[in-house]
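Student: Sequence unavailable; structure follows:
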C-alpha cells in the first residue's frame, strides 16, 4: 500500500473535493458504489437469500428447520459424502503434488524458462475445466481412449480390471487436472517468500537440510499449504460442469443432485432441495473463511 | 558440530552443498517429468483423436466438420457476444467502485471485498438455482423469453467475474498514485467523468485487459449456468456434441484449449508475468 493513499477520510474529502465542493456531497460519496451494491444484491445476494428462505419455509407456511433435519436422507448423504471424499482426496493430492512442482521450479533448480512456462500453463490448466476437460480424459482413459488402448496392447484391460473413468477414481484423476495447477499458482509466491537468510542462519547453526525444512521452512509454509488445500477443497466441492459433462449428470455428487433437483424434483421434496443447496453454501463459506484466516497468518512471515 | 567463528564457513561446506544441489536438481527433473506426462498425455490423446476423423489418414477433417456444423458458429458467436457484454458490464460497475473505495470510502473496502468474493462461496449450480427461483415469476419475471433470459445470463456472468475483475482493477489502482492524479486533473478543471475516462482508465489498461481476458476465459465455455437457463451458448453446445458425435468433441476440446492459452498468454505478456489469478471449477 502506498503511504500517499490517505486513510483519514476527513482529510481525504477536503483534499479531493476542494473549495468548490461543499459537504452536501456526503451522499454523492456513495454514488459511485451504488450500482455495485444494487447489482450484487440482484444477482448474487438475493438469489441466495431466496434459497435460504425457501429452505426454511414449511409446506403449510411458517418457518421450520424440518428441511435441514431431512438432510439425513440416504440420497443426500450419499451425494454429500461422495463430494466430500473426492474434494478431500483431490485437495490433499493436489496440494502435495502442486507443492512439489512449485518447489521443483523455484527452489529445486530447474532452468529459468521452465518456471514461466509452468506458471502460464498452470493459469491455462486451472481454467481448463468443464466439457473440454471431460472430453480430453474420455479420449485418454475412456473405454476407447488412447491410454486404455495402449494398456490393452500390453494385455491389460483397464475396464475389465475394475477401472472406470466414471467412478470415484476416474473423477479424482480428472479433477486433479485443475487442482494441481491451482495449487502451483497459489503456493509459488509463498515459496518465493522463504528468505535466504533463514536457510543460511539455520546452516550456520549446524542444521541439516532435513532439519531446516522440518523446523524452519515447513512451519512457515504450513498455513499457506493448509489454507490453499482448503481452497482446493472448495474448488472441487462446488465443481459441477466437469462432472456433468463426464457422467451426463447421473453420478452421485452434491452439485449433480442439485442439478437434477432443478430439472425435476428428484428428491420429491422441493424444500429439501433448497436445504441441500444451502448446505453447500454453508460448507463453502466455512472453507473460504478458514482459508482467509490461514492466509492472513501466513502473511505474517511471507511478505 | 562445533560453533565456529571462522568467517568463511561456506568454503568448508561447499562439497556437501554441491551434492545437495545435484540431488535437488535430479528430484526436480523427476517430479517435473512425471507431472508433465500427466498434463500432456490427455492433450496429446485428444489431439491425436481429432486428427483421425477420416479413415486411414491423419488430417483435419474433424475440425472441418466442426466448423461446418450448423450449430457451431451460432453458439460460438453468441458465447462471444455474451462474454464481451459481461466484461463491459463488469468493468462499468467495478472500475468506479474500486476507484471510489480507494479514494473516497476506504472504510467500505472490507464490505466490497467480501461481496466480490461471494462467487467463490456460492457454487455456480447453487447460484443458477436461486436465479431461476427468483426470476421465474412476477414481479421479477425475466426468464419468460429467450432474450430476457440471455440478458439475465449476461448479468450473472458479470457478477461471477467480480472476484477477478475487482482484484485486477484494485492491483492496478495500487500501482499508481490515484490521489495525486485525481487532484492534478481536478486542478486543471476536469470533472469526474473526464477523470475516470481520460485519467484513470488509460492508466489501468493492463489491469483492465487482464481482468477482461480472465473473465473471457471463464465465461466463454461456461456450462452450468447457461445449461439450466436453457441458453444455446458454447458450453451446452459442447456438452451436446460429446453425446452426439465421435471425433468433433476432440477438435472442440483442442480449439477451446487454444482459446484459453491465447487468453492466458496475452495476460502473461501484458503483465510481464508478475501476477496470476485463477478461477477453476
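Tutor: Noted; the coordinates are in hand. Everything numeric in this text was worked out from a predicted model, so none of it was measured. Numbers count the residues shown, from 1 in each chain, chains lettered A, B, ... in the order given.
Student: Can you get me a residue count around residue B:25?
Tutor: Using other CB atoms under 10 Å in any protein chain shown, residue B:25 has 15 other residues around it. All C-beta spots, glycine's among them, are computed from the backbone N, C-alpha and C.
Student: Please identify the helix or strand for it.
Tutor: Per DSSP states H and E, residue B:25 falls inside helix B:9-50.
Student: For the next helix or strand after that helix, which residues meet the burial criterion?
Tutor: Later in the chain than helix B:9-50, the nearest helix or strand by DSSP H and E is helix B:61-68. Within helix B:61-68, the residues scored as buried using 16 or more other CB atoms under 10 Å in any protein chain shown are B:61, B:62, B:63, B:65, B:66.
Student: Next: stretch B:83-90.
Tutor: Neighbour counts using 16+ other CB under 10 Å place B:83, B:84, B:85, B:86, B:87, B:89, B:90 of stretch B:83-90 among the buried residues.
Student: what sits against the nearest residue to residue B:160 once chain neighbours are set aside?
Tutor: Excluding its sequence neighbours, the residue lying closest to residue B:160 (CB to CB, 6 or more residues apart in numbering or on different chains) is residue B:119, at 4.3 Å. Residues near residue B:119 by CB atoms under 8 Å, 6 or more residues apart in numbering or on different chains: A:44, B:127, B:159, B:160, B:161, B:162, B:163.
Student: on that earlier part again, of the buried residues of stretch B:83-90, closest to chain A?
Tutor: Closest approach to chain A among those (CB to the nearest CB): residue B:89, at 8.3 Å.
Student: Just give the nearest non-adjacent residue to that closest one, would you?
Tutor: residue B:158 (4.0 Å).
Student: Going by secondary structure, the residue most central in space within chain B is in what exactly?
Tutor: Chain B has residue B:214 as the residue nearest its centroid, 2.6 Å off, counting by CA atoms, centre = their mean. Assigned by DSSP H and E, residue B:214 belongs to helix B:205-219.
Student: if we can go back for a sec, verify the contact between the residue nearest to the centre of chain B and residue B:268 for me.
Tutor: No - in this structure, residue B:214 is not within contact of residue B:268 by CB atoms under 8 Å, at 11.5 Å.
Student: Quick check: pLDDT value at residue A:203.
Tutor: Listed pLDDT for residue A:203 reads 89.
Student: Is it in contact with residue A:212, as I believe?
Tutor: Yes - at 7.1 Å, residue A:203 counts as touching residue A:212 under the criterion of CB under 8 Å.
Student: so where is the stretch 1-150 of chain B shaky, pLDDT-wise?
Tutor: Within the stretch 1-150 of chain B, the stretches with pLDDT under 70 are B:1-16.
Student: Check which helices and strands the helix holding residue B:214 sits against.
Tutor: Contacts defined by 3 or more CB pairs under 8 Å, 6 or more residues apart in numbering or on different chains; DSSP states H and E place helix B:205-219 against helix A:112-127, helix B:72-103, helix B:146-160, helix B:162-174, helix B:248-271.
Student: Just send these back as TSV, with distance to residue B:133 too.
Tutor: As requested, these are arranged in TSV below (distance: least, CB to CB, whole Å):
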stretch	distance to residue B:133
helix A:112-127	29
helix B:72-103	22
helix B:146-160	13
helix B:162-174	21
helix B:248-271	31
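Student: So which of these is the most surrounded?
Tutor: Of all those, helix B:162-174 has the most neighbours on average by mean count of other CB atoms under 10 Å in any protein chain shown, namely a mean of 23.
Student: which bits of the stretch 201-303 of chain A sit near chain B?
Tutor: Contact residues, the stretch 201-303 of chain A versus chain B (CB under 8 Å from any CB of the partner chain): A:203-204, A:206, A:209, A:234-235, A:237-242, A:244-245, A:248, A:255, A:258-259, A:261-263, A:273, A:277, A:280-281, A:284-285, A:288.
Student: Show me the domain layout of chain A.
Tutor: A:21-55, A:66-299 (automatic domain parsing).
Student: among those, which is the most enclosed?
Tutor: Among these, domain A:66-299 has the highest mean neighbour count (mean count of other CB under 10 Å), at a mean of 19.
Student: so where's the stretch 1-150 of chain A uncertain?
Tutor: For the stretch 1-150 of chain A, the stretches flagged by pLDDT under 70 are A:1-28.
Student: Please, where are all the helices along it?
Tutor: Remark: helices assigned in the stretch 1-150 of chain A by DSSP state H, counting those that start in this stretch are A:9-17, A:34-40, A:46-55, A:66-69, A:74-106, A:112-127, A:131-141, A:146-153.
Student: can you tell which of the ones you listed is closest to residue A:176?
Tutor: When the helices of the stretch 1-150 of chain A are compared by CB to CB, helix A:74-106 sits nearest residue A:176, at 5.5 Å.
Student: Summarise which helices and strands that closest one is packed against.
Tutor: Using 3+ CB pairs under 8 Å, 6+ apart: helix A:74-106 touches helix A:112-127, helix A:168-192, helix A:218-237, helix A:254-263, helix A:270-299, helix B:9-50.
Student: From chain A, how far out is the nearest residue to residue B:266 once chain neighbours are set aside?
Tutor: Closest residue to residue B:266 apart from its sequence neighbours, by CB to CB, 6+ apart: residue B:213 at 5.7 Å. As judged by CB to the nearest CB, to the nearest Å, residue B:213 and chain A stand 10 Å apart.
Student: swap in residue B:21?
Tutor: From residue B:21 across to chain A, the span is 6 Å (CB to the nearest CB).
Student: Which residue comes closest to that residue once chain neighbours are left out?
Tutor: Nearest to residue B:21 is residue A:109, by CB to CB, 6+ apart, at 6.4 Å.
Student: cool, and residue B:102?
Tutor: residue B:173 (5.0 Å).
Student: just checking, the one you found touches residue B:99?
Tutor: Yes - with contacts counted by CB under 8 Å, residue B:173 reaches residue B:99, the gap being 6.7 Å.
Student: which residue does the stretch 201-303 of chain A bring closest to chain B?
Tutor: With CB to the nearest CB as the measure, residue A:238 is the residue of the stretch 201-303 of chain A nearest to chain B, at 3.2 Å.
Student: give me phi/psi at the closest residue to that residue other than its chain neighbours?
Tutor: In space, and not counting its chain neighbours, residue A:238 is closest to residue B:123: 3.2 Å by CB to CB, 6+ apart. Note on residue B:123: backbone dihedrals following degrees, to the nearest 10 are phi -60, psi 150.
Student: so, in contact with chain B or not, stretch A:189-200?
Tutor: No - counting by CB under 8 Å from any CB, chain B has no neighbours in stretch A:189-200; the shortest distance is 9.0 Å.
Student: Show the end-to-end separation of that stretch, please.
Tutor: Start-to-end span of stretch A:189-200 (CA to CA, to the nearest Å) is 20 Å.
Student: List the neighbours of it that are in contact with it.
Tutor: Identification of contacts with stretch A:189-200 by CB under 8 Å, 6+ apart yields A:102-103, A:106-107, A:212, A:216-217, A:220-221, A:224-225, A:298, A:301-303.
Student: switch to 10 Å and redo it
Tutor: Taking contacts as CB atoms under 10 Å, 6 or more residues apart in numbering or on different chains, the residues outside stretch A:189-200 that touch it are A:99, A:102-103, A:105-108, A:184, A:201, A:207, A:209, A:212-213, A:216-217, A:220-221, A:223-225, A:227-228, A:295, A:298-299, A:301-303, B:9-10, B:275-276.
Student: cool, and stretch A:46-53?
Tutor: Residues from elsewhere that reach stretch A:46-53, judged by CB under 10 Å, 6+ apart: A:40-41, A:63, A:258, A:273-278, A:280-282, B:118, B:121-122, B:126-135, B:140, B:156, B:159.
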